[in-house]
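[1] Here's a sequence, model it:
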Amino acid sequence: MPFIDVQTNLTISEEHITALKAGLGKLIAYIPHKSEQSLMINFHDNARLYLKGDHRIATALITVSVFASPQHLGYQPLVQGIAQLFYRILGIPLEQVYVKFEDIPAWSVAGQLFSGAKC
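    As a prediction, this is how the structure comes out:
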């Protein structure tokens, strides 16, 4: 299950959330065996993000957590797409869109544990 956590110091309207959600849902498919059908997204707007010591600089920090993707296949086109998406929808310059990846070694849903590359 991929999980994307979006933080930005901007206010995100419902219309923009809908557009970002749809865009991220399509972009996650760059990672083999991942799709919008298993994607969870969390949006945090008005975050206290400071870039270069200034909270007025529009910025975003997007954390992409992925299970069972140790070779990081598809990550490059994914980050390019994310940067373009946040520029197009929110006007955040590409150089102010930061993406952090987290490898998930194990996770659970409905009381069932998944670990390793067995999912």
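[2] CA only for contacts and neighbour counts going forward, please
    Will do.
[3] Against residue 66, how distant is the residue lying closest to residue 94 once chain neighbours are set aside?
    Among residues not flanking residue 94 along the chain, residue 83 sits closest, at 5.4 Å (CA to CA, 6 or more residues apart in numbering). Residue 83 is 18 Å from residue 66, where distance means CA to CA, to the nearest Å.
[4] Also residue 89?
    Between residue 89 and residue 66 the computed distance is 24 Å (CA to CA).
[5] Next: residue 40.
    Shown here: residue 40 relative to residue 66, a distance of 11 Å by CA to CA.
[6] Which neighbours do the two have in common?
    Residues touching both residue 40 and residue 66 (CA atoms under 8 Å, 6 or more residues apart in numbering): 1, 2, 3.
[7] Centre of the chain to stretch 59-77, how far?
    Relative to its chain's centre, stretch 59-77 lies at 8 Å (CA atoms, centre = their mean, to the nearest Å).
[8] Would you mind writing the CA trace of it as PDB?
    In PDB, the C-alpha atoms belonging to stretch 59-77 read as follows (Å, rounded to 0.1, in the frame of the first residue of the first chain):
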ATOM      1  CA  THR A  59       6.600  25.200  -0.600                       C
ATOM      2  CA  ALA A  60       5.500  21.600  -0.300                       C
ATOM      3  CA  LEU A  61       7.000  18.500   1.300                       C
ATOM      4  CA  ILE A  62       5.600  15.300   0.000                       C
ATOM      5  CA  THR A  63       6.400  12.000   1.700                       C
ATOM      6  CA  VAL A  64       5.800   8.900  -0.400                       C
ATOM      7  CA  SER A  65       5.900   5.700   1.600                       C
ATOM      8  CA  VAL A  66       6.000   2.500  -0.500                       C
ATOM      9  CA  PHE A  67       5.900  -1.100   0.600                       C
ATOM     10  CA  ALA A  68       7.800  -3.800  -1.400                       C
ATOM     11  CA  SER A  69       9.700  -1.600  -3.800                       C
ATOM     12  CA  PRO A  70      13.400  -2.000  -2.900                       C
ATOM     13  CA  GLN A  71      14.800  -1.200  -6.300                       C
ATOM     14  CA  HIS A  72      12.900   2.100  -6.400                       C
ATOM     15  CA  LEU A  73      11.600   1.500  -9.900                       C
ATOM     16  CA  GLY A  74       9.500   4.400 -11.300                       C
ATOM     17  CA  TYR A  75      10.600   6.900  -8.700                       C
ATOM     18  CA  GLN A  76      12.200   9.300 -11.100                       C
ATOM     19  CA  PRO A  77       9.100   9.800 -13.400                       C
END
